[in-house]
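> any chance you can model this:
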Amino acid sequence: MYINSFIFSILTIISSFFFLYKRFAKFNLKIYAILYSLAAFLRPYSLEAIDNENLAKYLTSKSFWGGTENYTYQLVYYLVRPFEDYKIKFFVLIFLSLILIAIGTSRLISFFRNSSEHKNKWNLYTFLILIYLPSISSVLFQIHLRQFFSFSIVIFLISFLIKPSKYNIFIIPICGILVSLAHPIYLILIVSFIPFYLNYVFSIKQINSFFRFIFSILYRYRFVILWPFLFGLFFLGNQLYLNIFSLLPILKAYSYFRDIEIQSNNTFIIPIFLLLINHFISVTFYYKYALRNAYIPIKNFSLRPVYTYSLILITFVLIIISLEIFAPSIYSVGRIKSAIYPSLFITIPLLGYAKKRSILFFSTFSLVICSLSIFYSFLNRLKITF
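Below is the predicted model of the structure:
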């Protein structure tokens, strides 16, 4: 029942490679949009499909709600309430998600085409975000529709971080609220964006001498400071995760062990490892560019929020690794990992400040492998339904 959607997901991924040809990139954007939309709309609507029956009941009547549903289904319930048929409810939810993703990706592509540091290779950065998009979202629009809607809000939000508008001070907190009401799993990522929002509120636009001094001290003693922190998160991150999530009502469902023993999947390390490597590369070159030019290349992206964001992201990733290795039987550990994947939509624009061809080639190759490995893990999950 997933075969049609899966075929168009593959065609969407294949279509993304044509963005590497700049002359064909503009026309290919239309083809890509059609293929991606068809992949989403052709997802299974049968109640026998994974999670469809529960979602249909929860969107039809509040009488089925209980526990966290009282918090996490309010937004999607009222958005599709005017429609009686659950299939139309699903269709409307997909349609709204695609609109948000279309706005977000078009804003990112517009940034690439107009930024002085990206416009010469705008098609390359477009390729990277558009091969990554179906790879991480196919499993969402085919199986986890509510999470797909929350994912679309995240992409919409990221586009306003990369290409700010005068309404950012309202858009950013509103998107955070909507994510918590749509599917709270992405609150993990939203928390990591706080440094960018604080930086925007306080209008910190230049690199001051005090921060240069602090940054130089932290960089000089980075190994002394970071190694104990990293080892602690690796071995104790799973306990930290359990204690924090058990205290949060809307995330409490993700903090208990299942009765059956789940074998840890070692292939999870590939996309997570590549995510960290590419983030480290892009941020390093962004630092060098910003310090060398003494101004902020991406508006409101000073070194302070990028540095803080990177530490938060590394913290989350290490907790996930600790969780996968030491507590693989935690409920929906796969969804917890997927909450971090959209962070690459921040990393890819930062990669534009890396001028070495060898670095760009390596990052492009590794990001393609990261995308395809995530999509491959999704394919393995669907084998039981083919």
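> what's the weakest-modelled helix or strand in this protein?
helix 209-220 (a mean of 58; mean pLDDT, DSSP states H and E).
> can you pull the contacts of Tyr32?
12, 15-16, 19, 130 (Cβ atoms under 8 Å, 6 or more residues apart in numbering). Using the backbone N, CA and C atoms, a C-beta is placed for each residue, glycine as well.
> what do you get for Ser159?
Neighbours of Ser159 in contact, by Cβ under 8 Å, 6+ apart: 103-105, 107-108, 111.
> what's near enough to touch Gln74?
Leu181.
> any idea of the mean pLDDT for the strand or helix carrying Pro195?
For Pro195, the element it lies in under DSSP states H and E is helix 194-201. In this model, helix 194-201 has an average pLDDT of 75.
> related to what we said a few turns ago, may I ask which two of the contacts of Tyr32 are separated the most?
The span of those, defined through Cβ to Cβ, is set by Thr12 and Phe19 at 11.8 Å.
> any idea which of the contacts of Tyr32 is closest to Ile270?
Distance to Ile270, by Cβ to Cβ, is smallest for Ser16 among the contacts of Tyr32, at 19.4 Å.
> gap between the nearest residue to that closest one once chain neighbours are set aside and Phe91?
The shortest distance from Ser16 to any non-neighbouring residue, by Cβ to Cβ, 6 or more residues apart in numbering, is to Ile131 (4.0 Å). Shown here: Ile131 relative to Phe91, a distance of 26 Å by Cβ to Cβ, to the nearest Å.
> do the same with Ser363
Taking Cβ to Cβ as the measure, Ser363 falls 37 Å from Phe91.
> out of these two, which sits in the busier spot?
Neighbours were counted for Ser363 and for Phe91 using other Cβ atoms under 10 Å; Ser363 has more, 22 against 17.
> quick check: the more buried one touching Phe280?
No. Look at Ser363 against Phe280 with Cβ atoms under 8 Å: they stay out of range, at 10.4 Å.
> against Arg113, how distant is Leu29?
Distance, Leu29 to Arg113, by Cβ to Cβ: 11 Å.
> these two - which one has more neighbours?
Shown here are Leu29 and Arg113; by other Cβ under 10 Å, Leu29 has more neighbours (19 against 15).
> the more buried one sits in which helix or strand?
Under the assignment here (DSSP H and E), Leu29 is part of helix 22-41.
> quick check: next helix or strand after that helix?
Next in sequence after helix 22-41, counting helices and strands by DSSP H and E, comes helix 52-60.
> what residues sit buried inside whichever helix or strand comes after that next one?
Per DSSP H and E, the first helix or strand lying C-terminal to helix 52-60 is helix 69-72. For helix 69-72, a neighbour-count test (16 or more other Cβ atoms under 10 Å) marks Thr72 as buried.
> what helices or strands is helix 69-72 leaning on?
Other helices and strands packing on helix 69-72, by 3 or more Cβ pairs under 8 Å, 6 or more residues apart in numbering; DSSP states H and E, are helix 168-182.
> looking at the record's assignment, how would you partition the chain?
1-182, 184-264, 279-385 (the TED database).
> how far does the last one sit from the chain's center?
It refers to domain 279-385. From the chain centre to the centre of domain 279-385 is a distance of 9 Å (Cα atoms, centre = their mean, to the nearest Å).
> before we move on, what about the first one?
Its chain's C-alpha centre lies 11 Å from the corresponding centre of domain 1-182 when counted by Cα atoms, centre = their mean.
> tell me the span between the first and last residue of that domain.
26 Å (Cα to Cα, to the nearest Å).
> and the residue most central in space within the chain, what does it touch?
When Cα atoms, centre = their mean is applied to the chain, the residue found nearest the centroid is Pro342 (1.4 Å). The contact partners of Pro342, taken as Cβ under 8 Å, 6+ apart, are 136, 151, 154-155, 158, 186, 189.
> again, only this time at 7 Å
For Pro342, the contact set (Cβ atoms under 7 Å, 6 or more residues apart in numbering) comprises 151, 154-155, 158, 189.
> now the residues you listed: which count as buried?
When the contacts of Pro342 are checked against 16+ other Cβ under 10 Å, the ones flagged as buried are 151, 154-155, 158, 189.
> quick one: which of those residues is nearest to Thr284?
The shortest gap between Thr284 and any of the buried ones among the contacts of Pro342 belongs to Ile158, at 20.6 Å (Cβ to Cβ).
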